[in-house]
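1. quick one, structure for this:
(2 chains)
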Amino acid sequence: MILVILAILVWCLGWWLNSRLANSPASKTRAVQLLVPAIFGITVLVVWELLVRGLAVSLVILPAPTVIAARFASSLPILWEDFAQTILKGALGGYLIGCGAAFLTAILVDRSDFLRRGLLPVGNFVAALPIVGTAPILVMWFGFDWHSKAAVVVVMVFFPMLVNTVAGLRETSAMQRDLMQTYAATYWQAFFKLRLPAALPFVFNGLKISTTLALIGAIVAEFFGSPTVGMGFRISTSVGQLALDMVWAEIVVAALAGSAFYGLVALIEKSFTFWHPSQRG
Amino acid sequence: MKSLVAVLTVLAAIIAFWYAACVPMNIKGVLDQVERAGVEVTPATAKERRDRGEIGLVAQNTFAIGDTWVQERPRLPAPHQVAVELWETTVEKKITSKRSLIYHAQVTLSATLLGFAIGTGLGILLAVGIVHSRVMDMSVMPWAIVSQTIPIIALAPMIIVVLYSIGVQGIIPKAVISAYLSFFPVVVGMVKGLRAPDAMQLDLLKTYNANTNQGFWKLRLPSSMPYLFASLKIGIAASLVGAIVGELPTGAVAGLGARLLAGSYYGQTVQIWSALFAAAILAAALVALLGLIEKVVLNRMGVRA
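-> Numbering: from 1, shown residues only, chains lettered A, B, ... in the order given. All right, here's what the predicted structure looks like:
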């Protein structure tokens, strides 16, 4: 009971601290802007820990953060193996193939007005579909190993990437294209010097959307069959054994991998599109 | 009109490619079958055929091409097989039948819609809170954005099992997953929308001596509508994925996800494909419905979208 009251107190303290910080004159500084969400996150973790202990919540329902952290630390080799299997092989492999193929297709599509008119609505339509459902089919075709996961990822990232790249390649204005023409630029010169740079913000938007999709595809595909390694496999078997601390440890890995993957693409974007208004701010 | 022709051409090309792909995909199964029926094929035994390329086999056994489109359990069913299966399991079966896709779709759809309603409701509430409270904005918003880069769907099996262990089952666990997936897109989109009015418009309301409440109902909420609908469309697609994935780990007996899983267990490829298409049609219909509502609402509000 004391722990529960303590949890409520911690919550109030965290909130009070944050409201003081947010309404203080220093709230515009970078440090405070990082500090406030950090305090919020730590408060949530502490309250979680105290509540789980105070109410004696069973491990089967919700393990405490410290239990998860302990499990995370003690099973690093397994987690790394799963990470390598699912993220490095499945998700990353599929991501590179899918985005690369979509990018090349977009360049081809862009050369023909007819193709663009036909493919864009279809691509937009397909991008909204629950493509994860193709997982059982692709697992059947490509076997249980990471190849089938990569195939699911390819199918999932292809259309969002295609639609974004095609839209990006249309970004130049008639004036800019005319200027290139007056320079007697060939198609490829105009492409590399004008249209590709102009398309980059869109391309990176597609790449960023695809990072999350890639992880989702790789993990969900493992629910349909996998070798005895991989994050999706570990999650579904650990859930079966009611080893929820292991499940949470995998979710921590997935969260870290997802944010890192996204952050990496965002960093690359920053160095490529430094000239764009959204990056200068 | 020109676009319509282009779209139809692309669709026709896709279907033609699909038929063509069926031939090499299914040729081995077909040859095994006709060999058992006593027809002469080259090479003669399944063992010799195993390591041969599919294209080569097709070239040597051209008579079997027609059979690759009508197999019982093909690796890749032909479009018309899927269409026939879809027709039979939707129109010709009674809706109450366990084999009717409409029955399964309705199971998934009810979980999707319930979850979507909960997720968007909570999402809009949180967005309103974020816009009106600096503390919430600074504490919660970064986490809401970060959470979008995380494959939340990995949580799905756990949510189901945990809820089951405390005695909640049926539609609720799936709806929770759906709600969770549609929640964050709506929060992020809605916050953007509620912040869309520029300083000039906010100042105008101030000169009218409008209070926060009036400013919300008369300015912020209306101007957030286009953003809201854009994120609702993302949200409903995510909800449907959530409901389908939510059906996987429990071995649910009803729902489109259950059809997918059962099909993959028993090698019923036609069943998988038809469930997949049913899910796709459902998603398209939901998004189209939202698009229609968007048009009506924005028209009534005088926004020409």
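
2. drop to CA atoms for contacts and neighbour counts, all remaining ones
-> OK.

3. give me every residue in the stretch 51-200 of chain A lying close to chain B.
-> Within the stretch 51-200 of chain A, the positions near chain B by CA under 8 Å from any CA of the partner chain are A:60-61, A:114-115, A:117-119, A:121-122, A:125, A:128-130, A:132-134, A:136-137, A:140-141.

4. of those residues, buried ones?
-> Buried by 16 or more other CA atoms under 10 Å in any protein chain shown: A:60-61, A:114-115, A:117-119, A:121-122, A:125, A:128-130, A:132-134, A:136-137, A:140, out of those.

5. so of those, which ones are in helices?
-> A:114, A:115, A:117, A:118, A:119, A:121, A:122, A:125, A:136, A:137, A:140 (DSSP state H).

6. element containing residue 205?
-> Reading this off chain A. helix A:196-222 (DSSP states H and E).

7. ah, no, chain B please
-> Element membership for residue B:205, per DSSP H and E: helix B:199-207.

8. low pLDDT regions in chain A?
-> Low-confidence regions of chain A, defined by pLDDT under 70, span residues A:280-281.

9. what's the longest helix in it?
-> Of all the segments assigned as helix in chain A under DSSP H, the longest by residue count is helix A:244-272.

10. okay, the angle between it and helix A:196-222?
-> Put simply, helix A:244-272 runs at 170 degrees to helix A:196-222, going by axes from the mean of the first three to the mean of the last three CA atoms, to 10 degrees.

11. pull out the buried positions in helix A:244-272.
-> In terms of neighbour count (16+ other CA under 10 Å), helix A:244-272 has its buried residues at A:244-255, A:257-259, A:261-263, A:265-266, A:269-270.

12. for whichever helix or strand comes after that helix, list the C-alpha coordinates in CSV.
-> With elements assigned by DSSP H and E, the helix or strand that comes after helix A:244-272 is helix A:277-280. Provided in CSV are the C-alpha atoms of helix A:277-280 (Å, rounded to 0.1, in the frame of the first residue of the first chain):
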residue,chain,number,x,y,z
PRO,A,277,13.8,24.6,-45.8
SER,A,278,12.6,21.8,-43.5
GLN,A,279,16.3,21.0,-42.6
ARG,A,280,17.5,24.5,-42.1
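
13. returning to what we had before: what is the helix holding residue A:205 packed up against?
-> Based on contacts counted as 3 or more CA pairs under 8 Å, 6 or more residues apart in numbering or on different chains; DSSP states H and E, the elements that helix A:196-222 packs against are helix A:92-111, helix A:135-142, helix A:146-169, helix A:231-240, helix A:244-272.

14. kindly export the second one (C-alpha atoms) in CSV.
-> This points to helix A:135-142. These are the backbone C-alpha positions of helix A:135-142, laid out as CSV (Å, rounded to 0.1, in the frame of the first residue of the first chain):
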residue,chain,number,x,y,z
ALA,A,135,3.4,-13.2,-45.2
PRO,A,136,2.0,-16.8,-45.1
ILE,A,137,2.2,-17.1,-48.9
LEU,A,138,5.8,-15.8,-49.1
VAL,A,139,6.8,-18.0,-46.2
MET,A,140,5.4,-20.9,-48.1
TRP,A,141,7.4,-20.0,-51.2
PHE,A,142,10.7,-18.9,-49.8
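
15. hmm, who's touching that helix?
-> Contacts of helix A:135-142 from elsewhere in the structure, counted by CA atoms under 8 Å, 6 or more residues apart in numbering or on different chains, are A:148-149, A:151-152, A:217, A:220-221, A:224-225, B:75, B:260-261, B:264, B:269, B:272.

16. can you tell me which of these are buried?
-> With neighbours counted using 16+ other CA under 10 Å, the contacts of helix A:135-142 contain these buried positions: A:148-149, A:151-152, A:217, A:220-221, A:224-225, B:75, B:260-261, B:264, B:269, B:272.

17. how about the residue in the stretch 51-200 of chain A that chain B sits nearest to: what's its closest non-neighbour residue?
-> Proximity to chain B, evaluated over the stretch 51-200 of chain A using CA to the nearest CA, is greatest for residue A:118 at 3.8 Å. Beyond its immediate neighbours in the sequence, the residue positioned closest to residue A:118 (CA to CA, 6 or more residues apart in numbering or on different chains) is residue B:7, lying 3.8 Å away.

18. also residue A:133?
-> Closest residue to residue A:133 apart from its sequence neighbours, by CA to CA, 6+ apart: residue B:276 at 6.0 Å.

19. check which helix or strand covers that neighbour.
-> Here residue B:276 sits within helix B:269-300, counting by DSSP H and E.

20. tally of neighbours for residue B:96?
-> Neighbouring residues of residue B:96 were enumerated by other CA atoms under 10 Å in any protein chain shown; the total is 11.

21. could I get the helix or strand that contains residue B:139 in PDB with only the CA atoms?
-> Residue B:139 belongs to helix B:134-147 when elements are defined using DSSP H and E. Backbone C-alpha positions of helix B:134-147 (Å, rounded to 0.1, in the frame of the first residue of the first chain) are rendered in PDB as follows:
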ATOM      1  CA  ARG B 134       2.400  23.100 -22.500                       C
ATOM      2  CA  VAL B 135       3.400  20.500 -20.000                       C
ATOM      3  CA  MET B 136       1.600  17.700 -21.800                       C
ATOM      4  CA  ASP B 137       3.000  19.000 -25.100                       C
ATOM      5  CA  MET B 138       6.600  18.900 -23.900                       C
ATOM      6  CA  SER B 139       6.300  15.600 -22.000                       C
ATOM      7  CA  VAL B 140       4.100  13.500 -24.200                       C
ATOM      8  CA  MET B 141       4.600  14.700 -27.700                       C
ATOM      9  CA  PRO B 142       8.200  13.500 -28.200                       C
ATOM     10  CA  TRP B 143       7.200  10.000 -27.000                       C
ATOM     11  CA  ALA B 144       4.200  10.000 -29.400                       C
ATOM     12  CA  ILE B 145       6.500  10.800 -32.300                       C
ATOM     13  CA  VAL B 146       9.200   8.300 -31.300                       C
ATOM     14  CA  SER B 147       6.600   5.600 -30.800                       C
END
